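*Asks:* coordinates for the following, if possible.
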Amino acid sequence: MTNTVGLPKLSTAPHVTTRIQRADPESIERLGTFSAATIHEAQGRRGAVASRIKPIDPGMSFVGSAFTVVCAPRDNLMLQVAIHFAQAGDVLIVSAGELADAGTFGGVLGNACKAKGIAALVTDSGVRDTRELRELGLPVFSGSISIRGTVKETLGHINQAVVLGGELIRPGDVVKGDVDGVVVVRREEVDDVIALSADRDAKEEELVELYKQGRTTIDLCNLHDVLRAKGITTDLDDIDPYQGLGTR
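*Replies:* Here you go, the predicted structure:
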């Protein structure tokens, strides 16, 4: 057996990188209490993955650290390698060329993920065996559902930054997914985004209560001047100086 201890470092990134920085587990859990939409809005409308990537079941949700993998289209070799190296709580982020007509992930690999405690899988390609995956309870978010088989031929990179659904995702970034979609939070910004999300939820709860008390959207959103500046007209202009919009 060849002794590899002490070999010089590679001059380029290896195919597989295992040592990545992850956010604090308690912070990840706290972030997961907020919806993907709230997180997206709270962090300045950033981080939203393309809307076509959705859960295979609307009841699925997850939060965890991004464990990224690049697969060639219709080839899941590196996904199998990623499952081997991923840790419990990781979210497999599979960039596979956005090929819809490919079942890159299914029930067998789903069981492998579940056994390791992997939190979820997100791919821009297709998945299959969706009934089995739903019964398994593993959150799976994909760009499509396809029965077309894949091969195991092409090497790619694990835990390098990838672009998935138009969003840059780095290893260790925190990813949240629910029925509305998937959002990415930079690892170093997690605690700030938690605070911003909590503030946004509190403000929205206050708005809901005010609506129940009879306040209006134009009033609470301060739209009077905006609408008039844009030249809005109503059929009440001739009888109401406030055009039915009410006073500020």
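
*Asks:* mind listing what's buried in stretch 197-206?
*Replies:* For stretch 197-206, the neighbour count (16 or more other Cβ atoms under 10 Å) marks 197, 200 as buried. From N, CA and C alone the C-beta is placed, and that goes for glycine too.

*Asks:* so what touches it?
*Replies:* The contact list for stretch 197-206 (Cβ atoms under 8 Å, 6 or more residues apart in numbering) reads 31, 34, 38-39, 41-43.

*Asks:* helix, strand or coil for the most centrally placed residue in the chain?
*Replies:* Central residue of the chain (Cα atoms, centre = their mean): residue 182, 2.4 Å from the mean position. Here residue 182 is strand, with the state taken from DSSP: H, G, I helix; E, B strand; the rest coil.

*Asks:* helix or strand: which one has the closest residue to residue 98 other than its chain neighbours?
*Replies:* Spatial nearest neighbour of residue 98, chain neighbours left out: residue 124 (4.7 Å); criterion: Cβ to Cβ, 6 or more residues apart in numbering. If you go by DSSP states H and E, residue 124 is part of strand 120-127.

*Asks:* residue 38 now?
*Replies:* helix 36-42.

*Asks:* now do residue 171
*Replies:* Assigned by DSSP H and E, residue 171 belongs to no helix or strand.

*Asks:* now do the contacts for it.
*Replies:* Contacts for residue 171 (Cβ under 8 Å, 6+ apart) come out as 17, 20-21, 65-68, 159-161.

*Asks:* now with 6 Å?
*Replies:* Residue 171 makes contact with 20, 66, 68, 159, according to Cβ atoms under 6 Å, 6 or more residues apart in numbering.
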